[in-house]
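Engineer: following is a predicted model, sequence given first.
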Amino acid sequence: MWAIQRLLCVIVSLLSCKAQGRSLQQSKQVSNLPLVQGSGSTAVAALWRSVIANASATGNAPFSLTYDAVGSGQGQKSLFSRAYDYAVSDVPIAEGVYQKLDRPILQIPFAVSAMGAVHSIAGLNKRLMLSPFIFGNILQCIITRWDDPAIRAINPDARLPSADIYPVVRVDSSGTTELVTNYLATDPSWTLGVGKSVAWPKCAQQVQGSDGVLNYIANQKNAIGYAEYGLAKMKNLELAAMLNAAGNFVKPDEVLMGNITEVFGGEFMLPNSLVTPAWANVSLMSSKRPLAYPISGLEYYNIDLDLTSKGYPQGLILKELAQYILSDAVQKPMPFWYFAALPEKIKMLAKTGLDSIVVPKRPVDATADNMPNHWINVYEPVSPGVMNLTMR
């Protein structure tokens, strides 16, 4: 049944994307069609494009939402410079960067994601288990063979080939890279630092975007890299089980398909506002619960606190999109995209924070026919079946 639902959801998603493409084409032809542009994470691109296609399709009047998957770092920079109206990121804005911004920007969490070690080991008969030490030394080209004693020591029953390892990494500014390097930095042998981009050794294949990593692994035997869990699953690629703070090896699907609140609970500290650099200190990686997956993080939707400069209705659309992604219409189907819905504690904080957003006033000469009071229908689905098909 799940397989059928996923197939139906994919079909609906493809149709939605085609409809969105037609909408974007029309926006070039109709100059007064409201246009809201965003960019950012490649890891969340498939989910996000479905969300905005659905928001456009169910809206009260024609408008166009666009998204360019250029990486979290570039997405944030494009928002800061006002080149784009919003950003989507796998990581919060760095504390030092936020403190230097020329205006307040909201950091709105909307999903929990997991980044995984993706591999194409030939003939492997067991799940691969990796620690920060081993995975870090592979990406630093210190461990170069799959039958290395260190790998064998924690995979005693695995059929590991006597073959070279082909590591692949992201060269663009990537939130995925930041999450992965945060995990690797928990071991003192990691020397490349933490960030959206690091100085990778020349022996590692360096590519652009999540698709670049996954395509390389799909076509190169005995390769390994990192990418968002759902993207790897959609390409039928294998993921390793990673050592967590509790000393257990956990795969991302063992977490995100379960109860995320049971896994992380309320042990992480949250800021009391969406307009603060303190989100940079929120981490899901340090949880010592037995099933906590160690390379997990929040996905963020970033917009200006004061949207009056965007004009009407664009400013209102940006706020209503924030309300929409926190609604059950988007939250409940998250597992179909291999993400987890927000824990209730975080969702309520995010919803409360939206009250502070300043939007432009509706023009006095606007009529209900050409300029409705609300552009995106934020609704609660009647049944799970309808909800799931709506999203996919």
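Structural biologist: All right, it came through fine. Numbers count the residues shown, from 1 in each chain.

Engineer: every contact and neighbour count from this point should use C-alpha atoms.
Structural biologist: OK.

Engineer: who are the contact partners of Ala185?
Structural biologist: Applying Cα atoms under 8 Å, 6 or more residues apart in numbering to Ala185 gives the contacts 132, 191, 193-194.

Engineer: Ser296 now?
Structural biologist: With Cα under 8 Å, 6+ apart, Ser296 has these contacts: 112-115, 179, 284-285.

Engineer: 6 Å instead, please
Structural biologist: Counting by Cα atoms under 6 Å, 6 or more residues apart in numbering, Ser296 touches 113-114, 284.

Engineer: quick one: it from Ile138, how far?
Structural biologist: 20 Å (Cα to Cα, to the nearest Å).

Engineer: ditto for Met334
Structural biologist: Relative to Ile138, and taking Cα to Cα, Met334 is found at 32 Å.

Engineer: count the neighbours of Pro149 for me.
Structural biologist: Neighbours of Pro149 under the rule other Cα atoms under 10 Å: 12.

Engineer: send the alpha carbons of stretch 228-247 over as PDB?
Structural biologist: Written as PDB, here are the backbone C-alpha positions of stretch 228-247 (Å, rounded to 0.1, in the frame of the first residue of the first chain):
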ATOM      1  CA  GLU A 228      20.400  14.300   2.200                       C
ATOM      2  CA  TYR A 229      18.900  10.900   3.200                       C
ATOM      3  CA  GLY A 230      15.700  11.300   1.100                       C
ATOM      4  CA  LEU A 231      17.600  12.200  -2.100                       C
ATOM      5  CA  ALA A 232      19.700   9.100  -1.700                       C
ATOM      6  CA  LYS A 233      16.700   6.900  -1.100                       C
ATOM      7  CA  MET A 234      14.900   8.200  -4.200                       C
ATOM      8  CA  LYS A 235      17.900   7.200  -6.200                       C
ATOM      9  CA  ASN A 236      18.000   3.700  -4.500                       C
ATOM     10  CA  LEU A 237      21.500   4.300  -3.000                       C
ATOM     11  CA  GLU A 238      22.800   2.700   0.200                       C
ATOM     12  CA  LEU A 239      23.400   4.700   3.400                       C
ATOM     13  CA  ALA A 240      25.700   3.800   6.200                       C
ATOM     14  CA  ALA A 241      24.700   3.500   9.900                       C
ATOM     15  CA  MET A 242      26.500   6.300  11.800                       C
ATOM     16  CA  LEU A 243      27.800   6.100  15.400                       C
ATOM     17  CA  ASN A 244      25.800   8.400  17.700                       C
ATOM     18  CA  ALA A 245      26.600  10.000  21.000                       C
ATOM     19  CA  ALA A 246      25.000   7.100  22.900                       C
ATOM     20  CA  GLY A 247      27.500   4.700  21.200                       C
END
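
Engineer: quick one: buried residues of that stretch?
Structural biologist: When burial is assessed from 16 or more other Cα atoms under 10 Å, stretch 228-247 yields the following buried residues: 228-232, 237-245.

Engineer: mind listing residues that contact it?
Structural biologist: Stretch 228-247 has contacts (Cα under 6 Å, 6+ apart) with 43, 114-119, 128-131, 249-251, 288, 290, 294, 338.

Engineer: which helix or which strand is home to Ala150?
Structural biologist: helix 149-154 (DSSP states H and E).

Engineer: wait, Lys77
Structural biologist: helix 72-80.

Engineer: could I get that helix in PDB with only the CA atoms?
Structural biologist: The C-alpha coordinates for helix 72-80 follow below in PDB (Å, rounded to 0.1, in the frame of the first residue of the first chain):
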ATOM      1  CA  SER A  72      22.300  26.900   1.300                       C
ATOM      2  CA  GLY A  73      25.200  29.300   1.500                       C
ATOM      3  CA  GLN A  74      24.400  31.000  -1.800                       C
ATOM      4  CA  GLY A  75      20.700  31.100  -1.000                       C
ATOM      5  CA  GLN A  76      21.400  33.000   2.200                       C
ATOM      6  CA  LYS A  77      23.700  35.400   0.500                       C
ATOM      7  CA  SER A  78      21.100  36.100  -2.200                       C
ATOM      8  CA  LEU A  79      18.600  37.000   0.500                       C
ATOM      9  CA  PHE A  80      21.000  39.200   2.300                       C
END
